[in-house]
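# Here is a sequence with its predicted model. Questions after.
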Amino acid sequence: MPARRHPFTRLLQLLPAPIAALWVLGIARFRKWELDPLQAMGIVAVAFALHLIVRRARPERPPVPLPPQANPRIVATLAAGFVGIVGLIVGGLVEYVVEQAYALQDVPWWLRTLWHGACAFAASWCRLLARYSPP
């Protein structure tokens, strides 16, 4: 029988799905795609459904072992910072290409780029901290 997880760890495992939905909804808002509340709820539902499918398809991973003196929050923050920087770079490049192709003028490029980096950071921070937390 698997050990019971702390409620905070369960919440951390669940948070990447709504963060991904927010990411998509933010991009839609930047592109002036007006979504009604039912469509937004559908995107959130799809994010949770994909989260459940991936969790069931992939076997449960054991927690990442850390040295006794290591603080899991600091380690997760540093690792998520690297993922956020990659999100900034890739998102910035994609937004630059999209801006040139579709002449987006409403939302500044730096804000759209920051959105990609922040969402990548938040989702990876939750996933990594859930992996570092003991069961």
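Received it, and whenever you're ready, just let me know what you need. All values reported here derive from a predicted model rather than from experimental measurement.

# Tell me where this protein is predicted with low confidence.
1-5, 133-135 (pLDDT under 70).

# Where do the helices of it begin and end?
7-14, 16-30, 37-57, 72-102, 109-132 (DSSP state H).

# Among the ones you listed, which comes closest to V64?
helix 109-132 (5.0 Å; CB to CB). Using the backbone N, CA and C atoms, a C-beta is placed for each residue, glycine as well.

# need the contact list for Q13.
For Q13, the contacting residues are 5, 55, 126-127, 130, by CB atoms under 8 Å, 6 or more residues apart in numbering.

# Distance of Q105 relative to A118?
According to CB to CB, to the nearest Å, Q105 stands 22 Å off from A118.

# neighbour-wise, which of these two wins?
Under the neighbour definition other CB atoms under 10 Å, Q105 and A118 were set side by side, and A118 has more, 18 against 8.

# Touching, that one and G84? I think so.
Yes: A118 lies in contact with G84 (CB atoms under 8 Å); the separation is 7.0 Å.

# So V24 sits against V44, correct?
No: using CB under 8 Å, V24 is not in contact with V44; the gap is 9.3 Å.

# Columns distance to P65 on top of the helices of the chain, output as JSON lines?
Formatted as JSON lines, the helices of the chain follow (distance: least, CB to CB, whole Å):
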{"stretch": "helix 7-14", "distance to P65": "16"}
{"stretch": "helix 16-30", "distance to P65": "22"}
{"stretch": "helix 37-57", "distance to P65": "22"}
{"stretch": "helix 72-102", "distance to P65": "11"}
{"stretch": "helix 109-132", "distance to P65": "9"}
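
# who touches A122 in this structure?
Contact criterion CB under 8 Å, 6+ apart gives 15, 19, 80 as the residues in contact with A122.

# any idea how far the second one is from L114?
Translated: I19. The value you get for I19 to L114, if CB to CB is used, is 15 Å.

# Those two: which is more packed in?
Neighbour count, other CB under 10 Å: between I19 and L114, I19 has more, with 19 against 16.
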